[in-house]
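whatever this is, show me its structure:
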Amino acid sequence: TQPSPHATSPPLTQHHHHQHPPPNPTPNTLMAVAPDCAVICLDVGPSMSAARGEGLPSYLELAVKSIDMMIQNKIHHTKKDEVALVLFGTHGSDNPLHDGEGGYAHITLAREMGLPDISLLRYVEASIMPGNRQACFIDALVVGLDALVRGTADKKKADKRVVLFTDAGSRFNADQLDNIIEGIRELEANIQVVAVGMSDDDVERLAEEEGEDGGDGAGAAARQTETQLTEQQQRGFAVLSRLVKAVDGQLFSFQSALKMLTQFRKTSVRPTTVFRGCLEIGDLQIPLWAYKRIQRATVPTFKKLSGLVELKRDDPGSGQVDRQVTYHRLDDEETEVAKDDLAKGFKYGKDFVPWLKEDEAGMALKCPKQLAVLCFTAASNIPRHHYMGGSLISFSPPPGDAVAATLVSSLAQALFTLERVAIVRYVWRNNATPKLGMLFPHIKPDYTALLFVQLPFSEDVRAYQFPSLAKSKLAKPSKDQLAAMEKFIDSMDLMSAWVDEDGSRTEALQPKYTFNPTIQYFYQCVHRRAMDPREPLIELDPVIAKYIRPSEELAAHAKGHADKLKDLFPLVRKDLGAKKHTAGELWEQAEAEGAPNAKRARGAADDGPAAGAAAGGRGVNLADILRADVTSVGSVNPVGDYKAMLAKGGADVLRNASEQLMSRVDDLVDLYVGGSTGQFGEMVRALREALLPHEPARFNQYLEKLRTDIRARPTQRQPFADVLVHAALFPIDSSEARGSAYSPAEAASFWTSHTAPASADTRASIPADEDADDLLNQL
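Presented below is the predicted three-dimensional model:
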């Protein structure tokens, strides 16, 4: 029998013949349509806490661990599920049905039905203690059913469930069992019994013999159980087997239940359509509903709370903070700007193009909701690396539409037979961004669907060019190397990498059984911090760690083939000798030393051109070669390029190089948005030093222009003026160059004065044209 199809909190499901490996038990893939209200009844009697052997935990400790994980899963992955907790076998009696005269004695309702929280987890982990009394598990079941009835009385829709953990080691009274069965049927509750102490084979055998004799099956169970059960336990499990069969419940061994309850879970998601419309194929229209079948799961986000107030558990909003944003101009007064007065801007070259809300609304592409076939093509024409998008969408006919189901089935069968796909235009809602994608068939025994994968537009494809390995002689492998690599790959094939419970080889790391280690570790850390804020965070769970580490068994299986690869692809250590310096490093070294590199080229002591240069008192060096190759002032090392160009000599070179360096300075000022001013001071200093002996007036004119540009936006560009004042970069005065329009005093007050000297020469125009290569470099 299977659990209710609406169960959300991981319900127990029988999997004695499960074909997947133990580290990856079946996850809960059922969709949540109603909250799961579960009552957990735990036997804490003497037999449950009895020692099982040296170093082995008691059954009670294992049951508490299972319940703890079950509650954690509900907290992390569900929002509406509720839990109640009943303990039986306790010293005292605390439940609504206890009359003080022996009825429903030694049963404690530890938690009424409600949303699970940290206090419940702390109670389970720290407050459940072994009991010293025997209690009837049927009475405990009745107390749990009573809590279930009261807890779901005000809920129009809820999945009702009772999970009973017991070893049936206590005395019981089954006189009212038939009445209890009838009440469970009327309540429509699902009963799940975890038979502590019984193996999987014992549970299956007990169910078979219950069906054969129709009685309690106690005698047969006593003769054939693999585990050592007392006669009392055998009779108790026989009664529980009869109960479970009568109400269509489930009976599990403790081993199976422990695997399922302690497994990692994923959040259940309500099935919500993302598209309801028609697939258009010419004039034919097929009604379809779309659901997201695969979507990337993200780590849950934290809420920002105030650390200055004490958080109240009964008031979720006690620590919430409000975020207020204000906007201000970049002027001296930092004038506040109302949000309604703001406008977007697009950077177009050096300028910003204002973009108002009216412009944005007018630019929006008007697209009606649509799913239209553009063409059909062979599936082989769509390369795998063109699949894109963050989700996989499944299109299926609406429920109850037989005509649409027939059309979808026919289309899917035709696509599958012809090995073709449909190229479609998909707009999931009105005025949404249109997407290009393909539909391919997904045919299963119980349903047929069309799956959608987004495909790229031309702008989405990055066509990088790489050299071909096939044309390289060094990259051409031998036949032995190819064969060894093929065997190595085959030896690490995941299709038979794991062994299931039956000893059969099965596929490893199937996505639906492989949990995200980041998300699961996040839940573990949150639980640890919630339980004790002072404790350090725990290590990643070993089961999850296996997903991100190579399988030891697989690595051992492939070791021989890996060793063969090492022999066929030997690595030879190559002595690279002394470190080779780059041209840039040699140039920086020469600049730092303040003189050209005096290292002579090979053969300088012999006859030849190098010797002649050496005889002239100056050796050939790499810096001279670099200077000869520099033809423009770039953006990476503008000062170095400028000096390299000046080394060639000539008035034209000085004028051309200076114009280019000035252009670099202008670009830096115009594009500045804050932060470092880069090489601004070094560039201005280089201009001053180069123009001082030849064209001092030209430097002064440019410095005046630069001052005007900086003062045009004083708040934003003030750092540039600060750099020049700190570096004492003032105009060239009359004491430095005869004929200068600036006296030493006027030059010193240049950055505080607002007017130029009256006798200043007419400012020459400064070309602003830039080389196309420089603009590309700047981009």
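
any idea of the pLDDT on the residue positioned nearest the centre of the chain?
Residue closest to the average C-alpha location in the chain (Cα atoms, centre = their mean): residue 298, at 4.8 Å. At residue 298, the predicted lDDT confidence score is 84.

residue 366 too?
Value listed for residue 366 in the pLDDT field: 86.

cool, residue 110 as well?
94.

and the helix or strand hosting it, how far from the chain's centre?
Using DSSP states H and E, residue 110 sits in strand 107-114. In terms of Cα atoms, centre = their mean, to the nearest Å, the centre of strand 107-114 is set 39 Å apart from its chain centre.

give me the helices and strands touching it, please.
Applying 3 or more Cβ pairs under 8 Å, 6 or more residues apart in numbering; DSSP states H and E, we find strand 107-114 packed against strand 82-88, helix 118-126, helix 137-151. Every C-beta, even on glycine, is put in place using the N, C-alpha and C of the backbone.

got the angle between it and helix 118-126?
150 degrees (axes from the mean of the first three to the mean of the last three Cα atoms, to 10 degrees).

buried sites along strand 107-114?
Within strand 107-114, the residues scored as buried using 16 or more other Cβ atoms under 10 Å are 107-111, 113.

same question, stretch 530-543
540, 543.

where's residue 277, which helix or strand?
Per DSSP H and E: strand 273-281 holds residue 277.

after that strand, which helix or strand is next? Please name it.
Moving toward the C-terminus from strand 273-281, the next helix or strand (DSSP H and E) is strand 284-295.

average pLDDT across the helix or strand just after that next one?
Moving toward the C-terminus from strand 284-295, the next helix or strand (DSSP H and E) is strand 327-328. Here strand 327-328 scores 92 as its mean pLDDT.

lowest-confidence helix or strand of this structure?
When each helix and strand of the chain is scored by mean pLDDT, DSSP states H and E, helix 609-615 comes last, with a mean of 39.

turn the helices and strands packed on strand 107-114 into CSV, columns for distance to residue 73, mean pLDDT and mean neighbour count.
Below are the helices and strands packed on strand 107-114 laid out as CSV (distance: least, Cβ to Cβ, whole Å; pLDDT from 0 to 100; neighbours: other Cβ atoms under 10 Å):
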stretch, distance to residue 73, mean pLDDT, mean neighbour count
strand 82-88, 11, 94, 26
helix 118-126, 11, 90, 15
helix 137-151, 19, 94, 22
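
quick one: closest of those to residue 423.
strand 82-88 (48.2 Å; Cβ to Cβ).

thinking again about what came up before, got the angle for the strand holding residue 110 vs strand 82-88?
If you take the same axes, to 10 degrees, strand 107-114 sits at 180 degrees to strand 82-88.

what does stretch 107-122 contact?
37, 39, 68, 71-72, 74-75, 80-88, 90, 92-98, 123, 128, 135, 139-140, 143, 147-148, 150-152, 313, 527, 530-531 (Cβ atoms under 8 Å, 6 or more residues apart in numbering).

show me where the stretch 501-650 of the chain has its helices.
For the stretch 501-650 of the chain, the helices defined by DSSP state H, counting those that start in this stretch cover 517-531, 542-545, 552-557, 559-568, 583-593, 609-615, 622-629, 638-646.

return the member of those having the minimum mean pLDDT.
Among these, helix 609-615 scores lowest, with a mean of 39.

can you check the pLDDT for residue 164?
The model's pLDDT for residue 164 equals 94.

then residue 728?
pLDDT, read off for residue 728, is 85.

any idea how far it lies from residue 688?
10 Å (Cβ to Cβ, to the nearest Å).

looking at those two, which has the bigger crowd around it?
Neighbour count, other Cβ atoms under 10 Å: between residue 728 and residue 688, residue 688 has more, with 20 against 9.

okay, and the more buried one sits in which element?
Take DSSP H and E as the rule and residue 688 turns out to sit in helix 680-691.

quick check: mean pLDDT of that helix?
Averaging pLDDT along helix 680-691 yields 88.

residues contacting residue 522?
Residue 522 touches 299-300, counting by Cβ under 8 Å, 6+ apart.

how far away is it from residue 49?
Here residue 522 is placed at a distance of 34 Å from residue 49 (Cβ to Cβ).

do residue 305 as well
Counting by Cβ to Cβ - residue 305 and residue 49 are separated by 41 Å.

who's more crowded, those two?
Applying other Cβ under 10 Å to residue 305 and residue 49 shows that residue 49 carries more neighbours, namely 18 against 14.

circling back: could the helices and strands packed on strand 107-114 go into a markdown table alongside distance to residue 733?
Listed next are those as a markdown table, based on distance: least, Cβ to Cβ, whole Å:
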| stretch | distance to residue 733 |
| --- | --- |
| strand 82-88 | 86 |
| helix 118-126 | 76 |
| helix 137-151 | 92 |
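
between the ones you listed, which gets nearest to residue 361?
Nearest of the helices and strands packed on strand 107-114 (Cβ to Cβ): strand 82-88, 46.9 Å.

what's the distance between that closest one and the middle of its chain?
The mean C-alpha position of strand 82-88 is separated from the chain mean by 36 Å, Cα atoms, centre = their mean.

who are the packing partners of it?
Strand 82-88 packs on strand 36-43, helix 59-77, strand 107-114, helix 118-126, helix 137-151, going by 3+ Cβ pairs under 8 Å, 6+ apart.

how about a cut-off of 10 Å?
strand 36-43, helix 59-77, strand 107-114, helix 118-126, helix 137-151, strand 159-166 (3 or more Cβ pairs under 10 Å, 6 or more residues apart in numbering; DSSP states H and E).

what pairs with that strand, and is each one parallel or antiparallel?
Neighbouring strands of strand 82-88 in its sheet, by DSSP bridges, are strand 36-43 (parallel), strand 107-114 (antiparallel).

just the CA atoms of the first one, as CSV, please.
When you say that, I think you mean strand 36-43. Only the C-alpha atoms of strand 36-43 are listed here, as CSV (Å, rounded to 0.1, in the frame of the first residue of the first chain):
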residue,chain,number,x,y,z
ASP,A,36,0.2,17.2,6.6
CYS,A,37,-0.9,16.9,10.2
ALA,A,38,1.0,14.1,11.8
VAL,A,39,0.8,12.7,15.4
ILE,A,40,4.0,10.9,16.4
CYS,A,41,3.5,8.3,19.1
LEU,A,42,6.7,7.1,20.7
ASP,A,43,7.1,4.1,23.0
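
what about stretch 499-517, how long is it end to end?
Stretch 499-517 has an end-to-end distance of 22 Å (criterion: Cα to Cα, to the nearest Å).

do the same with stretch 733-740
Using Cα to Cα, the two ends of stretch 733-740 sit 6 Å apart.

before we move on, what about stretch 147-160?
End-to-end for stretch 147-160, by Cα to Cα: 11 Å.

for it, the distance to its chain's centre please.
Using Cα atoms, centre = their mean, the offset of stretch 147-160 from its chain centre is 37 Å.

buried ones in the strand holding residue 277?
275, 277, 279, 281.

next one: stretch 424-437
Under the neighbour-count criterion of 16+ other Cβ under 10 Å, stretch 424-437 has 424, 426-428, 435, 437 buried.
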